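>>> take this sequence and fold it.
(one chain, ligands or ions: 1)
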Amino acid sequence: MQFANDLCVVGGAGHVGLPFALVFAEAGLRAAIYDKNKTALDRIAAGAVPFMEQGAEALLRKALADKHLAMSDSPAIVGESRVVVITIGTPVDEFFNPVFKDIRNCLAELKPFLREGQVLVLRSTVYPGTTEWCARWLRENNLNIPLAYCPERVVQGKSIEEIKQLPQIIGGVTPEGEREALELFRRISVETYLLKPIEAEFAKLFSNAYRYIHFAIANQFYMIAESAGVDYNQLLAGMKFHYPRLEGLPSPGLSAGPCLLKDTMQLNAFAKNQFALGAAAMNINEGLVMFLVGRMSARWDLKEKTIGILGMAFKPENDDIRAALSYKLKKVLEFNAKRVLTTDPFVRSDPALLPLDRVIRESDILILAIPHRMYKTVDFLGKPVVDAWGFLEKESGL
Ligand SMILES: NC(=O)c1ccc[n+]([C@@H]2O[C@H](COP(=O)([O-])OP(=O)(O)OC[C@H]3O[C@@H](n4cnc5c(N)ncnc54)[C@H](O)[C@@H]3O)[C@@H](O)[C@H]2O)c1
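Numbering: from 1, shown residues only. The predicted structure follows:
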């Protein structure tokens, strides 16, 4: 059977999908992307990556020049592609329950364009059992298509490098699904590790929940020490000094973003809301915002103060504001302070952001929400800077 494209990434204009398509295009495959976001597709077609992703722009230009990247906002392109890789978002709702209908609707849309001879690879982070559900859906729709779950495990912003470096976990539903997925990843010469689909689903969720809990440990220690009047970051430096067993203990800070919280909550939903460590981690990480504002209120009369928030992305050296705790901080401060100003050197999607020098000039107090490297060398004009991260290596200001 002939296909115009070797693979098609569904959700291919997104943070996971685009780098994935580009890496396979670089390996010589005829890649395609299908995405509902026409604006993002237009930017990609013009050679621009819609978000920060190291090394992606060069690969995109090459893929376009080599005619190795097709794209469409119509699912019909899926019918012209042999391997179909699903990378759409898998959010939780406002009650922290997984939103399953997105996967179900996506498959329903793809159905007219699926046929024997194709292969389906699920790459999104999914609620345990989703791969089995998809296998059942294929059977019920008389679609004899091999299926595998192969989770994306990259860190956002470094996908191009990490897709080619990290071992790929492969959860084939059938031996054929497993073989097809192995064959796909052989094209980029990475190590692979075989698991059952349910194991692969847990592997991804456990990894994210582990990291989220890890950050919560640091934040809980921070809140205990600071409440006792102890400078935690100074103490942390002493704890870790030439002490290998604590090498992995992260610094405290606003830990958030589009994956860690929602995947911990997917696991909590799966565990019938008995994932006590995960729920505690959410309370601690989300609670850090209130803790910081409480400490600031105890020191200053915030009603009389203009507060400048430095860094609005969800993590350093990135432009992604999805689920960033800096926005929760903004909301809480807007309730408590006279005025709140925000700035970020990378974020382009928020018209409220102001230039850094103006925020410093007009603020009475600054708070470092995200430690972008450039803040290390900035002159804060002697204004107090609240820095839970211990990044500026100055007095925390609290
Ligand atoms: N962002 C990360 O670093 C990361 C890392 C590992 C895993 N993941 C997981 O990967 C998945 C995608 O995350 P993301 O950050 O790339 O999200 P994203 O929002 O950046 O990308 C998803 C893309 O899918 C498109 N889309 C949604 N529904 C569609 C449909 N039915 N048909 C076609 N296109 C559709 C959207 O327009 C968007 O471009 C999630 O499950 C996430 O948990 C993300």
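
>>> for the rest of this, base every contact and every neighbour count on C-alpha atoms.
Fine.

>>> which residues does the residue of the stretch 251-398 of the chain found nearest the ligand contact?
The minimum distance from the stretch 251-398 of the chain to the ligand, using C-alpha to the nearest ligand atom, falls at C259 (5.2 Å). Going by C-alpha atoms under 8 Å, 6 or more residues apart in numbering, C259 touches N208.

>>> quick check on it: phi, psi?
When read as degrees, to the nearest 10, the backbone of C259 gives phi -120, psi -50.

>>> check what pLDDT it gets.
Model confidence at C259, given as pLDDT, is 96.

>>> kindly report the same for Q2.
At Q2, the model reports a pLDDT of 89.

>>> same deal with E395?
Per-residue confidence for E395 comes out at a pLDDT of 48.

>>> just to revisit the earlier point, roughly how far apart are the residue of the stretch 251-398 of the chain closest to the ligand and V16?
Distance of C259 to V16, computed by C-alpha to C-alpha, to the nearest Å: 12 Å.

>>> enumerate the residues of the stretch 101-250 of the chain near the ligand.
Listed as neighbours of the ligand in the stretch 101-250 of the chain under the rule C-alpha under 6 Å from any ligand atom: C106, S124, T125, E152, R153, V154, V155, Q156.

>>> count of neighbours near F221?
A count of nearby residues for F221, using other C-alpha atoms under 10 Å, gives 15.

>>> residues in contact with it?
Y232 are the contacts of F221 under C-alpha under 8 Å, 6+ apart.

>>> any idea which element it lies in?
Using DSSP states H and E, the element containing F221 is helix 197-227.

>>> quick one: average confidence on that helix?
Taken as a whole, helix 197-227 has an average pLDDT of 98.

>>> going forward can the numbers begin at 25, since that is how I track them
In the new numbering, first residue 25, that becomes helix 221-251.

>>> tell me the helix or strand right after that helix.
Downstream of helix 221-251, the next assigned helix or strand under DSSP H and E is helix 256-264.

>>> in that next one, which residues are buried?
Residues Y256, N257, L260 are the ones in helix 256-264 that count as buried (16 or more other C-alpha atoms under 10 Å).

>>> ok, stretch 339-353 next?
Applying 16+ other C-alpha under 10 Å to stretch 339-353 flags 339-345, 347-351, 353 as buried.

>>> still on that earlier bit, turn the buried residues of helix 256-264 into CSV, columns for pLDDT and distance to V364.
Converted to CSV, the buried residues of helix 256-264 look like this (pLDDT from 0 to 100; distance: C-alpha to C-alpha, whole Å):
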residue, pLDDT, distance to V364
Y256, 97, 26
N257, 95, 26
L260, 97, 30
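
>>> among those, which one sits closest to I169?
For the buried residues of helix 256-264, the closest approach to I169 (C-alpha to C-alpha) belongs to L260, at 52.9 Å.

>>> could you measure from the closest one over to V356?
Distance check for L260 against V356: by C-alpha to C-alpha, it reads 28 Å.

>>> next one: L378
Remark: distance between L378 and V356 (C-alpha to C-alpha) = 19 Å.

>>> since that was my last question, I'll sign off now.
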